[in-house]
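Engineer: only geometry, no sequence info:
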């Protein structure tokens, strides 16, 4: 199975924060953001593998800045590295109020997805071929995060 580039499966989506997406303070609900992150990451994993992919874990979800009602949120997902049947997906979330305000990083997240067949059995996925220095850095760091995940995993 030939390796695939990061660019081939990248996903970018945009959301407008509406009243139903916010808490009493007018901030975007964390659960709503987590839902958006899971969707964009799943699409990137599916594009990379060509198969249905399921969420195996969410490594970290870091909230850098709150996002307010009426702001525009952009979510960018990339496959950082593929292992045998799993892939680490990195998601970067930015927000801005309008075209005159600077874009700021609101959140980052790392998720692991597994490609599965119709019976839910994990399936092999193509390797990732990094092309840029940034992609190579994320590729290397993904292995380090995987080793930490495996150490934290409960013994069976």
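Structural biologist: Arrived safely. Given the structure is predicted, the values throughout are model-derived calculations rather than measurements.

Engineer: lowest-confidence helix or strand of the chain?
Structural biologist: Here the helix or strand of the chain ranked lowest by mean pLDDT, DSSP states H and E is strand 52-63, holding a mean of 90.

Engineer: now that one: buried residues?
Structural biologist: Neighbour-count burial for strand 52-63 flags 52-53, 56, 59, 61 (criterion: 16 or more other C-beta atoms under 10 Å). Using the backbone N, CA and C atoms, a C-beta is placed for each residue, glycine as well.

Engineer: beta-bridge partners for residue 5, please?
Structural biologist: Counting by DSSP bridges, residue 5 is bridged to residue 129.

Engineer: shouldn't it be in contact with residue 129?
Structural biologist: Yes: counting by C-beta atoms under 8 Å, residue 129 is a contact partner of residue 5 at 5.3 Å.

Engineer: for the spatially most central residue of the chain, give me phi and psi.
Structural biologist: Nearest to the mean C-alpha position of the chain, by C-alpha atoms, centre = their mean, lies residue 91 at 3.4 Å. Residue 91 adopts backbone torsions of phi -130, psi 130, taken as degrees, to the nearest 10.

Engineer: same deal with residue 34?
Structural biologist: Dihedral angles for residue 34 - degrees, to the nearest 10 - are phi -60, psi -40.

Engineer: apart from its chain neighbours, what residue comes closest to it?
Structural biologist: Leaving aside its sequence neighbours, residue 34 sits nearest to residue 61 (C-beta to C-beta, 6 or more residues apart in numbering; 6.5 Å).

Engineer: how much space separates the one you found from residue 24?
Structural biologist: Distance, residue 61 to residue 24, using C-beta to C-beta, to the nearest Å: 21 Å.

Engineer: same question for residue 98.
Structural biologist: Counting by C-beta to C-beta - residue 98 and residue 24 are separated by 24 Å.

Engineer: same deal with residue 71?
Structural biologist: Taken as C-beta to C-beta, the span from residue 71 to residue 24 is 17 Å.

Engineer: same thing with residue 2?
Structural biologist: Distance from residue 2 to residue 24, counting by C-beta to C-beta: 51 Å.

Engineer: swap in residue 155?
Structural biologist: Applying C-beta to C-beta, the value for residue 155 to residue 24 is 42 Å.

Engineer: if anything else comes up later, I'll come back, but that's it for now.
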